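A.B. asks: Predicted model, plus sequence, below.
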Amino acid sequence: AQKITQTQPGMFVQEKEAVTLDCTYDTSDQSYGLFWYKQPSSGEMIFLIYQGSYDEQNATEGRYSLNFQKARKSANLVISASQLGDSAMYFCAMREGEGGDYKLSFGAGTTVTVRA
Amino acid sequence: AAGVIQSPRHLIKEKRETATLKCYPIPRHDTVYWYQQGPGQDPQFLISFYEKMQSDKGSIPDRFSAQQFSDYHSELNMSSLELGDSALYFCASEVSSYNEQFFGPGTRLTVL
């Protein structure tokens, strides 16, 4: 069964506007972590933001924030004030278990295109 | 700051050849992961090592093997290459008990 679901294959957003990327997950673990990565056309995977299952506050990192709704098992990424350089593929990922040494399971990704 | 280093960055091989991909984790990182990302797909976990011991195994073909050496660098060995092995191979490293996997730039393998 798919552990991470990203239902938006592609999105267009106007420069300087905000965009929300959806991510839902499936796990029976009580302890897990949720990640968002950005993959530009050059191919590298860039870490954006992390949310732990026990974190009560939504994670924020600069223009990135994670809207964590535990009961709904969703971890949406919000990018505020979009820039042309934000055009990329965005992956939601989950690790199950606590601490380190746990692999990431990725969603199918969402392609974001920022228009000037 | 030091990042994860992967070599080579690009590799072109013929079918049935072998390939070796190398990964140098960030200093003091004790865990290494290998992922395979096919064209237009999400990364799939292959194998991981913690303190030089294999810690987990994913959908890694029997034709592939990997190890982590005493200096913590890791190598992914791929034999009898097939066209379907063409992909971007990522190595990621982390400090166990921390919550961020740092990805290397990837090795793009093309099998002709």
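C.D. replies: Now that the structure is in, tell me what you want to look at.
A.B. asks: Residue B:44: what's it in contact with?
C.D. replies: A:106, B:35-38, B:58-59 (CB atoms under 8 Å, 6 or more residues apart in numbering or on different chains). Yep, even glycine has a C-beta here, placed from its N, CA and C like the rest.
A.B. asks: and residue A:36, which of the three is it?
C.D. replies: Residue A:36 falls in the strand class when you classify it by DSSP: H, G, I helix; E, B strand; the rest coil.
A.B. asks: if you look at the contacts of residue B:44, which of them are in strands?
C.D. replies: Of the positions in the contacts of residue B:44, A:106, B:35-37 sit in strands, assigned by DSSP state E.
A.B. asks: Out of those residues, which is nearest to residue B:74?
C.D. replies: Of all these, residue B:74 sits closest to residue B:35, with 12.3 Å by CB to CB.
A.B. asks: Residue B:86 and residue B:80: what is the separation?
C.D. replies: 14 Å (CB to CB, to the nearest Å).
A.B. asks: Comparing the two, which residue is more hemmed in?
C.D. replies: residue B:86 (16 against 13; other CB atoms under 10 Å in any protein chain shown).
A.B. asks: Quick one: residues contacting the most centrally placed residue in chain A.
C.D. replies: Taking CA atoms, centre = their mean, the centroid of chain A lies closest to residue A:36, which sits 3.3 Å from it. When contacts are counted by CB under 8 Å, 6+ apart, residue A:36 is found next to A:21, A:23, A:48-49, A:64, A:66, A:75, A:77, A:90-93.
A.B. asks: Am I right that residue B:81 is in contact with residue B:20?
C.D. replies: No. Distance between residue B:81 and residue B:20: 11.4 Å, which falls outside the contact criterion (CB atoms under 8 Å).
A.B. asks: what about the two, which has more around it?
C.D. replies: Using other CB under 10 Å as the criterion, residue B:81 and residue B:20 rank with residue B:81 on top: 22 against 14.
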